[in-house]
Structures are given as structure tokens and as C-alpha cells.
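structure here, sequence nowhere to be found:
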């Protein structure tokens, strides 16, 4: 029997378990949207901008087993979505990008939206397909889903020309669902060597990235067996519970908090899993990695890219670590609890928090006061969706995350404007969990109108906006070498007006004394299905350990002549004003 391409595509998505799509209908995908409207399983979500659609799909994939899926128009729809697609690509997030295409049955040039979009989308995706026949629609979508989830996950692009969507043709039957394997390519000898290296070390430690998000049991068991301190990457903040006595914090070098710096200072064997040792994770490559580095990752391309490994273990984190744990247990007994190490970590964490609390924020909000109140209020499984900016590193250093996938953040693509739409995808995927956003005022202005979608859908989300009037992460990076902060002042923004425009509730929090009550009020309103903007007048005058460490690391790396030039310029400007 013949069916339209739109019918075939939606049947394939249903078979793949897709429950939501994100995008905007247009000339080249109206057939798809009409067919989606008839689906009893899939709900198409209208967005205000395709960039928001991609971030929603990303948030859905990061926080659940569902596959974030876009249905967009070609050309402008694809370019608008490119930032979110690129974020998913660099961060290893599965995503299906289904795009309409111009008619391929006409002999006409210069059609609306005619563009070689595969040329620009290829570097942002794991694979890109142009479907040319009805019989290829279902197999291509199944293959795209399989690629998106296999090995290191990522987005896959599928273009379905509008003529295939509109007209009937012969289509294939639904094939069996692809089985996503958890590859384990490390040899038994290498697993044995890794276990022996860790057991021979006096001070082993662990550095965990997003790749260990499904290996919580294994990472915890190995850490406890070895009594090894654990640090995480920024994206991996939720992979190891912050209330575990061996957890030290984000990163472990010059840009890390004291608990991590001190615990890793004498590390003589490092087990790094699911991390690329990328720039942010290492504080601008400011970590000291011991010669005895054991690097485990599903993607062999990351090995030896930035730091040479003594031993590499290729494979899925849960598979590799499961074998490593058994090997450790077969060789020796677990080490006794290292009371001194655990007490030192606990003292360092308490002292760092106290240092922040003692900082005089004047009439503004001290970040530690806010994060302490927030942690005390929200349940452990609440999902924090964090944007890019100074607030990112405040969150990383001051907000303990206790559950896997309970915090998501844009990392290697580092895209501002992520959190508001991503929270919508996270809430749709996790309707029974509390979802909230930590976002700076600059990032918030990029995508805050997407709250219209949250209001329309009745999603109770809380947007904690760190309001200071600057693009603060960059402003702080400018201030030290330049002694001025060009083009980072945002000007006056009335977020109450945003709330009125989007149908959200609004709470202004001027100082520390109002923080706890505002959090309670916002959570109550969100529980009733209303989005809430909490306007926090935030003090950013104290810099994070990350900012201070990364700036120093980058400065030291410069040639001496350039360092002298920058210091002289800053001093001269300070004197002359």
C-alpha cells in the first residue's frame, strides 16, 4: 500500500518511541505537522525560535531515555537550530533533526529555502542524510536514531523533501528496533594492568566526566574500594554525589576549589573516565596530570589528545568500570576507610563555604546564601538546568548535586541562552520531578521569550535569574588584563515586564533576608503549574576559584613580553583612569 512520506516518517518516529517533537511548521514541513497532529503518541511542541527547539530537545535527551527530536524547516530553521545542534554535538547528546527540504521533482532553480544545508550542518552532526525515495524514509530514520545513540552519542540530520512528504509512494515495513550496544574494547590484560597500577599507587584519584552518567554504581564502588578522592568535569557535575565523603568538586587543578586542589595534590595515579580533558574541565589546561594516567573513554580519539596516558581503556564506562571493579576485587581487599582524607575534604568544603558566607555583599545577595537556601529547599532528585556564564561556576562550586543527571549545563560549545528552553524539554521528559533554572541576566535575555511555551504548556518551572547588569564572566576576564570592561554592560532590564509578557509569575529578591521565603513562594507557584521568574539582585564582586585559576593559568602561559605589555597597559589605565 502506498503512503505519503509524512505518514511513513511519523510511523517511524512512533516505533522509535518518540513522544515529543520541537519546532515550527513552515512551507516545507506542513505535511509532517499535519501527520504529527494525528498521532496518538507524539505531541508536537511549538517554539518561539528553532534555537529554543534544539535546546529543548537537548534537555530532554540529557535528563531521560527519550530522544530529543526536532521537526524544522530548511535554511533559516536549520541555521536557527544550529547552536543547539552544535551544543549537542560537542557535548555528546543524542538528537534527531528532521528537516523539510525543497521539492526535488521540479526542474526549477531558486526555490524558497534552496540551500546546500548539508554543507554547513555536516560539521555539527554525527551524520546527515538526504532522503530521495519513499522506501528510504523509515530505514533512514531508524539508522539515524541508531547512529545518534551509538558509541559517543550526538545529533543526526535527516532531510525529507516536501514532495516526498506530500505524495504517496511505496514504503518499507517497520524493521526491528536497533539495539544499542555498550562496547567494551579494552583487553583483559589492560584491565589487569589498570587494576595493578591503581593498587600500587599510594594516592590514587578519580576524574569523572559526562561519559560516566550511567555508571554511578561502578564509580562509587571503585572510589570506595580505593579510598580515592573524586573530582568531576563541569558537564559531569552530577555523575558522582556531592554528599559522598570522597567527592571533592569540579576539576582538580589551579582553577578548582580547595577541597579538590588539596586532595589531588599528591595524586600518583589518576583514573579518568568519560572525559576529554577539555579546556573548561581542566581550567584552561591548568591541571597537573601524573605520569600514571589511566584514561577510559568510549571514543578513542580523546586518548593522548591533551595529556599522555600510561594506559588507555576503550569502551562504555559502565562496561569498562564493571570489569575493572571485579579485577580490583580479585587481586586485593578494599582499602580501609581513609578517615584523614575524608575529614580533610569535609573541612575544606566547610571552610570554602564559610569564606563565601563571610564575604560582605552589602545590600545584594551573597551567592552562597542563595545556594545554601536552595539546596536546603529542593529535593535531591530536582533537576537544575544551568546556563553559561559566571553563575555557571558559582553553581559548580557552591551547589552540591546529589543525584545522577540532576544537573545539566552547556559545556564544550558553551552556548548562552541554553537553560530556559532546555528546562522545558527536561520538564516534559520528567513531569513528576522538580525542574529549575540557574541563569545569568545576559543569557536569560537571549531566550526568555520561550517562557511563552512553558506558560502555554502549563509547566511549573522556576527561573532563578542572577541579575547584576553585566555579562559578568567576560567582564571579570576583561577587568584583570584591561582594567576596563568594554561592551559588557547590559543596561536596565525590567524582568517583571518579561513575566507579564510571557504569562509568568514574578518575584523580586533584593537581599539575603528575602532569599528563603522567595524560594518557598516560587516553588509553591511552580507546583501549581505556573512558570516563575525569580529576580535575584546578585553580588558578583567575589570571584570564583575557577575564574581566578583560569585567568592566572592563561596569563602564565603567555610569552613574557606579552605579559609585561598587558600588565603595563592595565597599570597605566588604572593610574590615568
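Sure, I can see it. Only a predicted model underlies this, so the values are computations on that prediction, with no experimental measurement involved.

for the nearest residue to residue 28 once chain neighbours are set aside, give the beta-bridge partners.
Distances taken as C-beta to C-beta, 6 or more residues apart in numbering put residue 100 closest to residue 28, at 3.1 Å, once the chain neighbours are dropped. C-beta: built from backbone N, CA, C; applies to glycine. For residue 100, the beta-bridge partners are residue 160 (DSSP bridges).

so who does residue 100 touch?
By C-beta atoms under 8 Å, 6 or more residues apart in numbering, residue 100 lies in contact with 26-29, 32, 72-74, 77, 159-162, 165.

neighbour count, pLDDT and secondary structure added to those residues, as CSV?
Listed next are the contacts of residue 100 as CSV, based on neighbours: other C-beta atoms under 10 Å; pLDDT from 0 to 100; DSSP: H, G, I helix; E, B strand; the rest coil:
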residue, neighbour count, pLDDT, secondary structure
26, 19, 92, coil
27, 13, 87, coil
28, 26, 87, coil
29, 26, 91, coil
32, 28, 97, helix
72, 30, 97, strand
73, 24, 96, coil
74, 24, 94, coil
77, 26, 94, helix
159, 24, 97, strand
160, 29, 97, strand
161, 20, 96, strand
162, 26, 93, helix
165, 27, 89, helix
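
quick one, helices of the stretch 301-450 of the chain?
Using DSSP state H, counting those that start in this stretch, the helices of the stretch 301-450 of the chain run over residues 317-331, 339-357, 367-377, 390-398, 419-429, 441-447.

shaky segments in this structure?
By pLDDT under 70, the weakly predicted segments of the chain are 112, 469-490, 570, 577.

spatially central residue for it, please.
Nearest to the mean C-alpha position of the chain, counting by C-alpha atoms, centre = their mean, stands residue 409 at 3.2 Å.

and the nearest residue to it once chain neighbours are set aside, how close does it get to residue 420?
Spatial nearest neighbour of residue 409, excluding adjacent residues (C-beta to C-beta, 6+ apart): residue 386 at 4.2 Å. Noted for residue 386: a distance of 11 Å to residue 420, by C-beta to C-beta, to the nearest Å.

identify the contacts common to these two.
Residues touching both residue 386 and residue 420 (C-beta under 8 Å, 6+ apart) are 437, 439.

and the helices of the stretch 301-450 of the chain, which is most packed in?
When you average the neighbours per residue for each of the helices of the stretch 301-450 of the chain (mean count of other C-beta atoms under 10 Å), helix 419-429 leads with a mean of 30.

in the stretch 51-200 of the chain, which spans are helices?
Read by DSSP H, counting those that start in this stretch, the stretch 51-200 of the chain holds these helices, from start to end of the chain: 76-91, 117-121, 137-149, 162-166, 188-200.

possible to save these as JSON lines with distance to residue 242?
Converted to JSON lines, the helices of the stretch 51-200 of the chain look like this (distance: least, C-beta to C-beta, whole Å):
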{"stretch": "helix 76-91", "distance to residue 242": "21"}
{"stretch": "helix 117-121", "distance to residue 242": "37"}
{"stretch": "helix 137-149", "distance to residue 242": "28"}
{"stretch": "helix 162-166", "distance to residue 242": "48"}
{"stretch": "helix 188-200", "distance to residue 242": "23"}
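
thanks a lot, see you next time.
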